[in-house]
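**Q** no FASTA, just this:
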């Protein structure tokens, strides 16, 4: 049996010029998560991350507290939201400074993702089917590890949602519902055994659920 901890990256710089980097709070969220894992006796046996900077930085902060090295695993990268939004004819995207209304941005993103899943966006760098396939392949690689402790992988909300949609046999619309409620450094726990892979915990932030950290629960 393998315990898999899928972690969404820390808070990224949504309002800045480069979304693919952590804010100071994002780094702190990751460090707090690392400390929580140690305190709860769940020190990761291995730590993995996708190639995106925000994923790598989150994993590095966790590793700096828990010890160990970060291994890069292709397939854990998020879909290219900027490219999908551009394919839909909208130039407002995170990291450009053009989208000041977050609620409006995420309403637009939901519509764009639905069009992507339906095959109605062209051209796109990656099809929806290809995204789901490589997310599933990354899960298979993680689940195939033989360790004496949890396998931790830092990725993004869309990848975690795609993995869960496969595990739970969910429709694409439900995938995006999961995707857009992911919290920064939220932990989704899966158990992989001989009879399959099962969801044990979703989007948990126990390291942030205390009075002095309530403002540190973020979604971007």
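**A** It's in. Everything quoted here is computed from the prediction, not taken from an experiment. Numbering: from 1, shown residues only.
**Q** name the helices or strands packed onto the helix or strand bottoming out on mean pLDDT in the chain?
**A** Ranked by mean pLDDT, DSSP states H and E, the weakest helix or strand in the chain is helix 102-117, scoring a mean of 91. Applying 3 or more C-beta pairs under 8 Å, 6 or more residues apart in numbering; DSSP states H and E, one finds that helix 102-117 makes contact with helix 81-87, helix 172-179. Where you see a C-beta, it was placed from the backbone N, CA and C, and this is true even at glycine.
**Q** ranges for the strands of the protein?
**A** Using DSSP state E, the strands found in the chain span residues 2-8, 46-49, 70-72, 151-155, 187-193, 196-204.
**Q** List the strands paired with the second one, with their directions.
**A** Each strand paired with strand 46-49, and its direction, by DSSP bridges: strand 70-72 (parallel), strand 151-155 (parallel).
**Q** Which of these sits closest to residue 37?
**A** Closest approach to residue 37 among the strands paired with strand 46-49 (C-beta to C-beta): strand 151-155, 7.8 Å.
**Q** Show me the contact partners of that closest one.
**A** 2-9, 37, 44-50, 55-56, 58-59, 62, 73, 76-78, 138, 142-143, 145 (C-beta atoms under 8 Å, 6 or more residues apart in numbering).
**Q** Averaged pLDDT, that strand. What do you get?
**A** Strand 151-155 carries an average pLDDT of 98.
**Q** tell me the contacts of the nearest residue to residue 66 once chain neighbours are set aside?
**A** Distances taken as C-beta to C-beta, 6 or more residues apart in numbering place residue 34 nearest to residue 66, at 4.8 Å, with adjacent residues excluded. Contacts here follow C-beta under 8 Å, 6+ apart; on that basis residue 34 touches 61, 62, 63, 64, 65, 66.
**Q** quick one: low-confidence parts of this protein?
**A** For the chain, the stretches with pLDDT under 70 are 90-100.
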